[in-house]
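> could you work out the structure for the sequence below:
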Amino acid sequence: MAARRKKRVAQPFHFPWKVVIIGVLVNALAIWIFFGDPWYLLAEDVSLYGVSTVEIATEVLVASDLVGWHAFRLQPQKAAERVLAAVPGLVDVDINCTIFPASCEFYVTQRAPILAWHTASGVYWTDQEGRVFPAVSDRPDLPFVTGPLPAETSQYTATIRATQQGVVSLIALGVPADAFEFNQQRGLIWNDPDGRRIAFGVGPEMQMRWQVYHELVEHLEAEGIFPYVIDVRFPGGVTYSLERSW
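Residues are numbered from 1 along each chain as shown. Below is the predicted model of the structure:
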């Protein structure tokens, strides 16, 4: 007698809802992470500290090239390097970013100008170290020099600093802070109240030159002589001219 075949009992089919739900959630999470707005850095998610003007803040933000990127692709250190390379007048930039929600904080240290330099191509500021960078706002509180910047030689920075020192010294002696010209050859020039042009050179040693200028003017006035230009850069070898030769 043939063995009876065992009847197969159909097993109930269990749809893997848990797996499907987990898969859907994982996919939804991935989509949210890669496309959700909180994961992308927007301009309003950036805080800037230490910037003095809106113009500088805009330059810093644009140079960083962080806005619009996903949080996982933010590179604050490289962004800080880009900012320092692109925006003049900054001493240091430190950028800290958080992943979620994407945000960044910029801590900027600007150079502190001590002298404004008005040239034919625009206004520049100079700091204590002799660095030159474009002015970004009006600073009527700064003394200023009118004329070309020094020639770009190995003494460029030294000449900038010597000019700053000369301005400080002459202001202390009574020269108005807005009355200086700069000449490549003669340094600082001042038009005195009587219309004479006085060349003082540069550097902090202005007391002797100032004294020689006054003594010479007094002596020449006593003799009825009016020089239009006086060069006291070298107190031991003062020169003057009855013509406005420079």
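> all strands of the chain, in order?
With DSSP state E as the criterion, the chain has strands at 46-49, 90-98, 103-110, 113-119, 122-127, 132-134, 144-146, 180-183, 187-191, 197-201, 229-231, 239-241.
> turn the ones you listed into CSV, including mean pLDDT, mean neighbour count and distance to Ser64.
Every residue, glycine included, has its C-beta placed from N, CA and C. Output for the strands of the chain, formatted as CSV (pLDDT from 0 to 100; neighbours: other Cβ atoms under 10 Å; distance: least, Cβ to Cβ, whole Å):
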stretch, mean pLDDT, mean neighbour count, distance to Ser64
strand 46-49, 97, 15, 8
strand 90-98, 96, 17, 7
strand 103-110, 97, 19, 7
strand 113-119, 97, 19, 23
strand 122-127, 97, 19, 23
strand 132-134, 94, 16, 19
strand 144-146, 97, 20, 32
strand 180-183, 98, 20, 36
strand 187-191, 98, 20, 40
strand 197-201, 98, 22, 43
strand 229-231, 98, 20, 50
strand 239-241, 97, 15, 54
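> from Val51, how far off is the most centrally placed residue in the chain?
Nearest residue to the geometric centre of the chain (Cα atoms, centre = their mean): Gly89, 1.5 Å. According to Cβ to Cβ, to the nearest Å, Gly89 and Val51 sit 10 Å apart.
> contact partners for Val136?
Ser52, Thr53, Glu55, Ile56, Gly89 (Cβ atoms under 8 Å, 6 or more residues apart in numbering).
> of the residues you listed, which belong to helices?
Glu55, Ile56 (DSSP state H).
> pipe the contacts of Val136 into CSV and attach pLDDT and distance to Ser241 per row.
Formatted as CSV, those follow (pLDDT from 0 to 100; distance: Cβ to Cβ, whole Å):
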residue, pLDDT, distance to Ser241
Ser52, 87, 45
Thr53, 88, 45
Glu55, 90, 45
Ile56, 92, 46
Gly89, 90, 40
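> for ChimeraX, write the select line for the buried members of the contacts of Val136.
Burial among the contacts of Val136 is assessed by 16 or more other Cβ atoms under 10 Å; the matching ChimeraX selection reads:
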select :56,89
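> from the contacts of Val136, pick the one nearest Gly187.
Gly89 (25.1 Å; Cβ to Cβ).
> excluding its backbone neighbours, what's nearest the closest one?
Phe133 (4.0 Å; Cβ to Cβ, 6 or more residues apart in numbering).
> surely that neighbour touches Trp125?
Yes: with contacts counted by Cβ atoms under 8 Å, Phe133 reaches Trp125, the gap being 5.8 Å.
> for the closest residue to Ala177 other than its chain neighbours, give me the pLDDT.
In space, Ala177 comes closest to Pro143 once its chain neighbours are excluded; the distance is 3.7 Å by Cβ to Cβ, 6+ apart. You'll see Pro143 listed with a pLDDT of 97.
> number of nearby residues for Pro143?
Residues contacting Pro143 under the criterion other Cβ atoms under 10 Å number 19.
> could you do Val83 as well?
So Val83, with other Cβ under 10 Å, has 23 neighbours.
> wait, it sits on Val62?
No: Val83 is beyond contact range of Val62, at 9.2 Å (criterion: Cβ under 8 Å).
> against Val123, how distant is Ala80?
In this structure, Ala80 and Val123 are 27 Å apart, going by Cβ to Cβ.
> oh sorry, the question was meant for Ser103
Distance from Ser103 to Val123, counting by Cβ to Cβ: 35 Å.
> sorry, back to before: what residues are shared contacts of Phe133 and Trp125?
Listed as contacting both Phe133 and Trp125 by Cβ under 8 Å, 6+ apart are Gly89, Arg111.
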